[in-house]
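S.K.: Just need the structure, nothing else, for what follows:
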Amino acid sequence: MVDLHDGDRDEADEEDEAEAKMRRIEATVLRRIGELTGCYYGQSVELQRRIRDGATEEELLALVEDQWEREFFRRERRLFRPSVLFGRRFPEYLAQARARLTQPRRVPAGYRPFPEWD
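M.R.: Next up is the predicted model:
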């Protein structure tokens, strides 16, 4: 006997895996935002949309870190939230984060990681 629904199960399994991956990435990114701001975010429709559109976990975390370092968000912490970070200015923020990912990190002149060892 031939199982006519076997193909449907494969598609459903792939959709379940994609959804689980999206939820894992979302949780990781929202956890990082929470660590920085002290606020808990359970879900973000904007972030979910960006993940479905193909943004990677690495890019999203780089975006969060990059924007957190900006003076504007340091002053206006109430605006450092998923709806702002992943909203209409997301393409601009993502371009800045991608540029940061491709640039080598610079060590400031005179930097000593453990000055007490001197």
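S.K.: What is the burial count for the nearest residue to residue 72 once chain neighbours are set aside?
M.R.: With sequence-adjacent residues excluded and distances taken as CB to CB, 6 or more residues apart in numbering, residue 72 is closest to residue 79, at 7.9 Å. The C-beta positions use only the backbone N, C-alpha and C, and glycine is treated the same way. Counted by other CB atoms under 10 Å, the residues lying close to residue 79 total 12.
S.K.: My guess is residue 79 contacts residue 73. True?
M.R.: Yes - with contacts counted by CB atoms under 8 Å, residue 79 reaches residue 73, the gap being 6.5 Å.
S.K.: Check which helices and strands the longest helix belonging to the chain is in contact with.
M.R.: Among the segments of the chain that qualify as a helix by DSSP state H, the longest is helix 6-37. Using 3 or more CB pairs under 8 Å, 6 or more residues apart in numbering; DSSP states H and E as the contact criterion, the secondary-structure elements in contact with helix 6-37 are helix 45-52, helix 57-68, helix 82-85.
S.K.: Mean neighbour count, distance to residue 13 and mean pLDDT for these - can I get that in JSON lines?
M.R.: Compiled in JSON lines, those are given as follows (neighbours: other CB atoms under 10 Å; distance: least, CB to CB, whole Å; pLDDT from 0 to 100):
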{"stretch": "helix 45-52", "mean neighbour count": "17", "distance to residue 13": "18", "mean pLDDT": "96"}
{"stretch": "helix 57-68", "mean neighbour count": "18", "distance to residue 13": "22", "mean pLDDT": "94"}
{"stretch": "helix 82-85", "mean neighbour count": "18", "distance to residue 13": "29", "mean pLDDT": "95"}
